[in-house]
Structure formats: C-alpha cells, structure tokens
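# Have a look; sequence and predicted model below, questions after that.
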Amino acid sequence: MKKFFTTLSNIWKIEDLRVRITNTLLFLLIYRVGSYIVLPGVNPATLVNQQGKEGIAGLLNMFAGGSFSRASIFALGVMPYISASIVVQLLGIAVPYFAKLQKEGESGRNKLNQWTRYLTIGITALQAIGYLKSQIDPAKQMEIAEPYFTVLNVFVLTSGTMFVMWLGEKITDKGIGNGISLIIMVGIISALPLAFTGEFVSRNAGAGGLVIFIVEIVALIGVVMFTILIVQGTRKIAVQYAKRIVGNKQYGGVRQYIPLKVNAAGVMPIIFAQALMFIPATIASVFPKIASNGVLMSLSDYTSWGHNLLFAILIIVFTYFYTAITINPNQMADDMKKNGGFIPGIKPGKTTAEFIDGVISKITLPGSIFLAIIAIIPAFASMIGVSSAFARFFGGTSLIILVGVVLDTLQQIESHLLMRHYDGLMKTGRIKGRTAIPAGGTGQPVI
C-alpha cells in the first residue's frame, strides 16, 4: 500500500504528466457540465428523465451519459463520429481510393480524418432530425414554433457533437489516452453511482437483504476480472530479423513478437449484434397486429432464452467478420518480408500469411465465445432479480468499454513513469525481446 501511494506521489512530481491529467479532468468536466444544458426551446420542467431507457435509445443514452434523455445540447454524444469512423474504415476495404489513403502514412490518415469529420456532420444532422421528431413532444415540451425549432436545434445538436469530438481530440493531444474513449467511459460510469445506490437501497429494504447485495458485488468483481483477461489476452508470434551490417554497425538479428489479440474485434461485434436484435422490437412497434407473434415476442424480450441464444450466435459471427476485415495477414507477411523478418520454421511470403491466418482463426473462436458470454450476462443478472440499471455493469458493451479504456489509460500513465525511471502502476511479466506492432494493424475503432 505504501508503494502504491509513493507511485501516486511520483505522478504529480512529473510536470508533463501532471499537466496532462489536469487537462483531461478539465475537459471531462466541461463535457459533463454541457450534458446538463437543455436544447433551446425545450421546457426543462416537462422533461421526464425516463426517455431512452430501452432499445437503441437506451444504448445511445448510456453512451451519451444521460444527455439523450435530458434533451441536452450533447444529446447525440460521439456516436455519430463512431458511426462515421466505422463507415470510413469499411470503405478502406471496399473502395480503392480509401484503401490507398490507409497506406499513405500520416498524410493518408489526415485525409481520412477529414473525410470522417465531413461524414460525422452529415450523420449528426440526420440523427438530430430523427431525435427531435421522436423524443420531443411538440404539445408539452416545445416552446418555439416549427419549423424554427427543428432548424435551430439541428444546428445546435450538430455543433454539440462536433464540440464533443473536438474535446476528445484535445484530450488525446493534451491529456491522457484516447479522448473519445474517455468521454464514452465517463458517460457510462456516470450512471454507476445511482445504479449502485438504487440496488443497495432495494436489497436493504427486503429484496434479498445485505448478503445478496454483497454476493452481487463479489460476482461483479469476478466478471470484471474475467473481462480483463479477455481484453488483455494475446497470442505472441516470434519473429526473427536477419542481421544486416551497414558500415561499422550491425542492424537486425533480434527476436521480436507480433501480439495477436484474442479479442481483436473489441466491442464492435456486440454493437452490430445489438443493432440487429432491435429489429424484432421495431417490427412489433410498427406493425401492432403481428406484435403478438410468439417468436417475435421472444426475440423482443432481452431476458428470453431465444433472444440471448440468437444474440450470442450473432456476436460470434460478427467477431469473425470484423476480425477478418480489420486484420490483414497478407499485408503483415509482406511487411515482414520487406523488413527482413521471418517466423522461425515458416517460409516467408504466402506460407507466413497462411500461418498467421490460421493462428487468428484459432484464437478468435474462444475470444468470440467469451465475448458472447460477457454480452449475455446482464440479461441473466436481470433474470435473477438484479435491477436493470445495475445489471448493465455486469457485462455487455458498457463493461468492455470501461475495462478497455481504464487499462489503456493506466498503460499511458505507466509509460510516462517508466520513461522517467519511476516504478510503474502495474507489474507485468516481460518476455525477452521486444514486442512488434502488427504490420497493417487492426485498425481498431476508437471504442
């Protein structure tokens, strides 16, 4: 414990790190304050903080830190930017122009970022119109006549999302870690204190008692540890580089490692699968006459066995799909060959690509199964009596994002400490040799 507090004091001794942490906290505070500023023309007294609790609206509300249900200027959060990033990433596979930009280094990344910003504006404007039409009641909440209300607030919501995106970029440049990810994490974690308190009060009032609440906390800690194993799990492939002598200096001749993540797709398979699982409920709401269909009702109920079985299968399928489009074994093999590297016992070129592809296929199966288990745990937690607000933190999108962002932030702080010869926050076993970044990397989205 003494060493832990010593490490914390060392963090504040490093001026650059201290400034970065302070900047990060300041930017996040600005975001949280803005999430409580209501859209112009909306009567705050008529807002009921129960909107967006279920379905796709509930997912958006969680990512936006409650701004969605409060009709805030940041109601759409960074989700339009996430959507635009995914679209641009997929275009890099399907469209030669974008594929070329991905290979042009820094200049190509800058152009792709510019395309992402333009696309974000378009997506935000469309989502803003849908949000205003579906979430704002003209008779009770609107204080400005149409069409001025819609035109004004489309501009406000679009500007709000772009401002949040700008805050994320500033956190990345001037703060600690990936700014967009930190903003999403803060939005998710902002609901934890209320959910925790609500569950404690409910259990203490007679719904199982304090013992059941303690069991829930222990189970939550276990799920978090399990999630950390999945997020951190890697399969390292040894790569040997040939020796080269240039003048009086020798280059290469060292062994490095390509770390292939067990869960290379991150949280994206869950998001894709959730989007498809909302279709039955949407069909039932649009066509009330078929809402009583047994299969449709089962798929619409997130606590049913049918819903969770199909959800798990979709996650496994999407994990393979997203891993296949984000990791390119052929490019990794080509880059390795150009740099004089080879996997011991494997011929360079096509054989190397086939070997890497085989390893990815093998580790993706357990990774996808574990990801599916984590995704359906909240539904089973709700089945046994955990409140829906607290059950969300037992798995799914929210937990994976929280664990991933926290670990990434800790690693950023760790690198600053080790660079200045201080003890790090985390003790990790180190393998002899250096770890190489996979050529043609995973291209992970910001979340």
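Okay, I see it. Numbering: from 1, shown residues only.

# OK, contacts around Q240?
Contact partners of Q240, counting by Cβ atoms under 8 Å, 6 or more residues apart in numbering, are R255, G341, F342, I343, P344. Heads up, the C-betas are built off the backbone N, CA and C, glycines and all.

# For it, what are phi and psi?
Backbone torsions for Q240, taken as degrees, to the nearest 10, come to phi -100, psi 130.

# what sits opposite it in the beta ladder?
R255, F342 (DSSP bridges).

# Would you tell me which helix is longest in the protein?
In terms of residue count, the longest helix belonging to the chain (DSSP state H) is helix 350-383.

# For that one, list every residue counted as buried.
352-353, 355-357, 359-360, 363-364, 367-368, 370-379, 381-382 (16 or more other Cβ atoms under 10 Å).

# Equivalent analysis for stretch 114-133, please.
W115, T116, L119, T120, I121, I123, T124, Q127, A128, Y131, L132.

# same question, stretch 310-317
L310, F311, A312, L314, I315, I316.

# Could I get the average pLDDT for it?
Mean per-residue pLDDT for stretch 310-317: 89.

# contacts for that stretch?
So stretch 310-317 is contacted by 269-270, 272-274, 276-277, 299, 368-369, 371-373, 375-376 (Cβ under 8 Å, 6+ apart).

# Confidence-wise, which of these comes last?
Ranked by pLDDT, those bottom out at L299, which has 70.

# Excluding sequence neighbours, find me the nearest residue to that residue.
Distances taken as Cβ to Cβ, 6 or more residues apart in numbering put P280 closest to L299, at 4.0 Å, once the chain neighbours are dropped.

# Which helix or which strand is home to the one you found?
Assigned by DSSP states H and E, P280 belongs to helix 279-286.

# re earlier: doesn't S304 make contact with the residue nearest to L299?
No: with contact defined as Cβ atoms under 8 Å, P280 does not count as touching S304 (10.7 Å).

# Next, the angle from whichever strand or helix holds H307 to helix 350-383.
Assigned by DSSP H and E, H307 belongs to helix 305-326. Using axes from the mean of the first three to the mean of the last three Cα atoms, to 10 degrees, the inter-axis angle of helix 305-326 relative to helix 350-383 is 150 degrees.

# C-terminal to helix 305-326, what's the next element?
helix 329-338.

# just checking, what packs against that next one?
Other helices and strands packing on helix 329-338, by 3 or more Cβ pairs under 8 Å, 6 or more residues apart in numbering; DSSP states H and E, are helix 350-383.

# For D357, give its distance to Q274.
According to Cβ to Cβ, to the nearest Å, D357 and Q274 sit 28 Å apart.

# got it, and F213?
28 Å.

# swap in Q411?
For Q411, the distance to Q274 - Cβ to Cβ - is 28 Å.

# and those two? which has more neighbours close in?
More crowded of Q411 and Q274, by other Cβ atoms under 10 Å: Q274, with 19 against 14.

# Is the residue lying closest to the more buried one once chain neighbours are set aside within a helix or a strand, and which one?
What sits nearest to Q274 in space, not counting adjacent residues and going by Cβ to Cβ, 6+ apart, is L59, at 6.4 Å. Here L59 sits within helix 55-63, counting by DSSP H and E.

# Provide a list of residues in contact with M62.
G187, I188, A191, R392, T397, S398.

# Quickly note the distance from T172 to T124.
20 Å.

# An error on my part: the question was meant for K103.
Distance of K103 to T124, computed by Cβ to Cβ: 29 Å.

# Quick check: mean pLDDT of stretch 236-245?
Here the average pLDDT along stretch 236-245 is 78.

# which residue ranges form the helices in the stretch 51-200 of the chain?
Ranges of helices within the stretch 51-200 of the chain are 55-63, 79-94, 96-102, 105-135, 148-174, 179-189, 192-204, based on DSSP state H, counting those that start in this stretch.

# Could you check what's spatially nearest to F196, not counting adjacent residues?
Nearest residue to F196 in three dimensions, chain neighbours excluded: F390, at 6.7 Å (Cβ to Cβ, 6+ apart).
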